[in-house]
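**Q** Fold the following, please.
(2 chains)
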There are 2 protein chains.
Amino acid sequence: MPNISMRAKETPSSPIRKLAPLCVQAEQAGKTVYRLNIGQPDLATPQSFMDGVRKSTIEVLSYSPSQGLPETLLSLCRYYAEHDIKLTEDEIIITIGGSEAFMFAMKAVMDPGDEVIIPEPFYPNYRGYARLVDVTVVPITTYAEDGFHLPPPVEMEKKITSRTKAILFSNPGNPTGVTYSEKELAHFVYLAEKYDLFLISDEVYREFVYDGAHMSILAFDSVSDRTILVDSISKRISACGARIGMVASHNREVMEALLKMAQGRLSPPTFGQLGLNSFLSSPYNRTEVAAMIEQFHRRRDTVYSEISDIPGIVCKKPEGAFYLFPKLPIDDSEDFARWLLAEFDDKGETVMIAPGSGFYHTPGKGSDEIRLAYVLDEDVLVRAIEVFRCGLAEYQKLRSPLKTIYR
Amino acid sequence: MPNISMRAKETPSSPIRKLAPLCVQAEQAGKTVYRLNIGQPDLATPQSFMDGVRKSTIEVLSYSPSQGLPETLLSLCRYYAEHDIKLTEDEIIITIGGSEAFMFAMKAVMDPGDEVIIPEPFYPNYRGYARLVDVTVVPITTYAEDGFHLPPPVEMEKKITSRTKAILFSNPGNPTGVTYSEKELAHFVYLAEKYDLFLISDEVYREFVYDGAHMSILAFDSVSDRTILVDSISKRISACGARIGMVASHNREVMEALLKMAQGRLSPPTFGQLGLNSFLSSPYNRTEVAAMIEQFHRRRDTVYSEISDIPGIVCKKPEGAFYLFPKLPIDDSEDFARWLLAEFDDKGETVMIAPGSGFYHTPGKGSDEIRLAYVLDEDVLVRAIEVFRCGLAEYQKLRSPLKTIYR
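**A** A predicted model of the protein is given here:
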């Protein structure tokens, strides 16, 4: 039998995927598992989106233009303008989810061996996209104690080498919920100008901001030729399965490079584009999103209040997205996550959590942290956090008797 | 302004894309342009597919499993069984079009710098996918005079080096319509066993075979751990915009590698999978495809008979797909294609053709060839070929006066 490629062999499985079989076993054994691990919104996709798909009158489901359907691009320009982001139709490409947008953005501005700086903990798929295009990830560690806000520019500056081509970040952040202030973004801008870098900004959680306002990297005019926006409708309108994202830039050369890549894969899915256009053309779309965000805001407040009551936990209030990234009084959150599924239950119930290590690039980091997603109804969330609290207490007794006594 | 990546700069635009603005200008000037250049079926997508999308009762459009929806995978197994291809559900991954299937297949079995042998002329996007994963394309030239059938194995053998990891081919072939015989496929099998290679077989035109039967590479049991099937519903059921393809193999290690890649991009589009499942579950699906194929069969016969009547053209009757790849009595088919759009008309009508050079990897090849797609109604095709014939005669007079006189 011939060998598969080394790069395929060396691709690791993520910690969360190793937990999946345990979750299945727990459920088959009759346990209720509250899934606090997933980044998949639970709310219904807006009716206007679904109508755009269901009522379409297409006869031949042909390729759309590689850049996207003209009417959807136009609707997107309107949408961005409503959010104070000025983009013309030729500055946007509709991609196959945010996934493709990342891959395109990295490939457009980096060659094999080039380096991209990313604040960690970060969305694990960033690493997968970087590997796909042979780009080296250089992490800047951020900390639970700081609410995962950025270190001073001088700390970030230390990571820059002659191979550094870009800084990539998500704002608001997955997995931490951190939302960068104008001052923090200005630090990125300062570094980009000083070291001739691109800034790739993942703003898929743009509207999930509960304290203060969100600022797009595209708002910084002085770096308009250095900024690339990565976006997606997956979270924003609960349409993960549509596989519709966007990549946008004011830099013409970047847009030309992105368009050639888009042509290479022919077109993004038509139905998702029709749904998006219908949603954006609906007079109710802003109200619908506002209601969705309000619900997440309440959940954030509830979960944060429950979590911050648990002794020994370090967790600042996250400003956005739908995640918390608490630091726990334990040593090995992968072991804890496995134990919760395999051995623990509270009245027949347990929780599934995402171990922190999978979100770090630096080896060893995150072993005392986890990501919790609040994509369940509020009353269910309250119960889930209660189960989590009981599990944590029991696990501490079992695994770290001394720590618990001396705390 | 920072530099974009070298690889982005070096990505060429295809010859056909350079023609697009001329086509737009011709149409704006009031000319009718018959598009013989595109590989996009014109027939209606089956009703059962559209019903699967339009009547779906999804409330939350969530990510599907990375491998694909279980019900769609099950339907695909049934479909393959009907075509004498034995695949279990865990031997198939649903991809985002055939495009992603190629990229995954190449990446799973080849490292940067490895070589893949591809008979040329070939589908130009193969080169794009190969570039994306840093794999070197090594072409085996085939000829119009042979109907683009393969050279003897000894000729193919000359191309194999220590870096050769796979042979990739489409069967039936885009752009030539060639359909390989069992004997030709056995040559690939012989080489794969002798030199420890993978065989990546693009069978998206499986059912578009008009003379004889199609044989899948998966039918060769002796190489079942070396074969990877690339597939797509785009052409087969006129659903290009669904972005649904497949990659399949009996090799478990390959499947594990492919699944990790699939997880890295989260999921294929949900609506396309629902449509496909609905289509495959419809009792009419075989009849619908048979009617579609019959229509293409008639078109093939019509276009071939018209084309082979034109003096100086070399074109064997293609057995499959919906293309012809004639060799013309001219020197520069890119110039001819431009001229047809920019300068020629016959009663206000002209044709758009795909220059042959874009389908070759060897520099200079294909400059006297073109690809014609028969994705128009039969009566329109007859008129389009008539316009083409007039154009060719006039172009020959203009550009190659001596050749025409001495012919």
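
**Q** Give the closest residue to A:Val209 in space, chain neighbours not counted.
**A** Take A:Val209 and drop its neighbours on the chain: the residue closest to it by Cβ to Cβ, 6 or more residues apart in numbering or on different chains is A:Gly320, 4.4 Å away. All C-beta spots, glycine's among them, are computed from the backbone N, C-alpha and C.

**Q** Next, see if stretch A:88-99 gets close to chain B.
**A** Yes: Stretch A:88-99 is in contact with chain B by Cβ under 8 Å from any Cβ of the partner chain, via A:96-97, A:99.

**Q** Please indicate which of the residues you listed are buried?
**A** Buried subset of the residues of stretch A:88-99 next to chain B (neighbour count, 16 or more other Cβ atoms under 10 Å in any protein chain shown): A:96-97, A:99.

**Q** Now do the contacts for A:Arg298.
**A** Contacts for A:Arg298 (Cβ atoms under 8 Å, 6 or more residues apart in numbering or on different chains) come out as A:Glu378.

**Q** And it, how far from A:Ile237?
**A** Distance, A:Arg298 to A:Ile237, using Cβ to Cβ, to the nearest Å: 19 Å.

**Q** which residues touch the residue most central in space within chain A?
**A** The centre of chain A sits closest to A:Asn174, judged by Cα atoms, centre = their mean, with a distance of 3.9 Å. When contacts are counted by Cβ under 8 Å, 6+ apart, A:Asn174 touches A:39, A:122-123, A:204-205, A:321, A:323.

**Q** and the end-to-end length of stretch A:342-360?
**A** End-to-end distance for stretch A:342-360: 25 Å, by Cα to Cα, to the nearest Å.

**Q** ugh, typo on my part, it should be stretch A:312-320
**A** Separation of the first and last residues of stretch A:312-320 by Cα to Cα is 23 Å.

**Q** Report the residue ranges of every domain in chain A.
**A** Here the domain parsing of chain A from automatic domain parsing is A:6-44+A:287-406, A:47-281.

**Q** between those domains, which gets the lowest average pLDDT?
**A** Among the domains of chain A, domain A:6-44+A:287-406 carries the lowest mean pLDDT, a mean of 92.

**Q** Which stretches in the stretch 301-407 of chain A count as helices?
**A** Using DSSP state H, counting those that start in this stretch, the helices found in the stretch 301-407 of chain A span residues A:333-342, A:378-399, A:401-406.

**Q** What of the stretch 101-250 of chain A?
**A** Assigned by DSSP H, counting those that start in this stretch, the stretch 101-250 of chain A shows helices spanning A:125-132, A:153-157, A:182-195.

**Q** just those helices: most buried one?
**A** helix A:125-132 (a mean of 21; mean count of other Cβ atoms under 10 Å in any protein chain shown).

**Q** got a list of contacts for stretch A:210-225?
**A** By Cβ under 8 Å, 6+ apart, the list of residues contacting stretch A:210-225 from outside reads A:83-87, A:171-172, A:179-182, A:185-186, A:188-189, A:192-193, A:199, A:201, A:203, A:206-207, A:227, A:229, A:248, A:250-251, A:293, A:296-297, A:300-301, A:317, A:319-320, B:1-2.

**Q** change it to 7 Å
**A** With Cβ atoms under 7 Å, 6 or more residues apart in numbering or on different chains as the test, stretch A:210-225 has contacts from A:84-85, A:172, A:179, A:182, A:185, A:189, A:192-193, A:199, A:201, A:203, A:206, A:227, A:229, A:250-251, A:297, A:300, A:319-320, B:1.

**Q** Ok, stretch A:337-355 next?
**A** Counting by Cβ under 7 Å, 6+ apart, A:15-16, A:19, A:22-23, A:26, A:30-37, A:333-334, A:370-372, A:384, A:387-388, A:390-391, A:394-395 sit against stretch A:337-355.

**Q** Pull out the buried residues from it.
**A** Going by neighbour count (16+ other Cβ under 10 Å), the buried part of stretch A:337-355 is A:337-341, A:344-346, A:349-355.

**Q** on that earlier part again, name the nearest of the buried ones among the residues of stretch A:88-99 next to chain B relative to B:Arg78.
**A** Nearest to B:Arg78 among those: A:Ile96, at 27.3 Å, using Cβ to Cβ.

**Q** Comparing the domains of chain A, which comes out most buried?
**A** domain A:47-281 (a mean of 21).

**Q** Next, the distance between the ends of stretch A:237-256.
**A** First residue to last in stretch A:237-256 (Cα to Cα) measures 29 Å.

**Q** what's the answer for stretch A:59-71, then?
**A** From start residue to end residue, stretch A:59-71 stretches across 18 Å - Cα to Cα.

**Q** Which parts of the stretch 51-200 of chain A are strands?
**A** Applying DSSP state E, counting those that start in this stretch to the stretch 51-200 of chain A gives strands spanning A:92-95, A:115-120, A:136-141, A:164-170, A:198-202.

**Q** between the fourth one and strand A:136-141, how many degrees?
**A** Here strand A:164-170 runs at an angle of 50 degrees relative to strand A:136-141 (axes from the mean of the first three to the mean of the last three Cα atoms, to 10 degrees).

**Q** Mind giving me the packing neighbours of strand A:164-170?
**A** Strand A:164-170 is packed against strand A:115-120, helix A:182-195, strand A:198-202, with contacts defined by 3 or more Cβ pairs under 7 Å, 6 or more residues apart in numbering or on different chains; DSSP states H and E.
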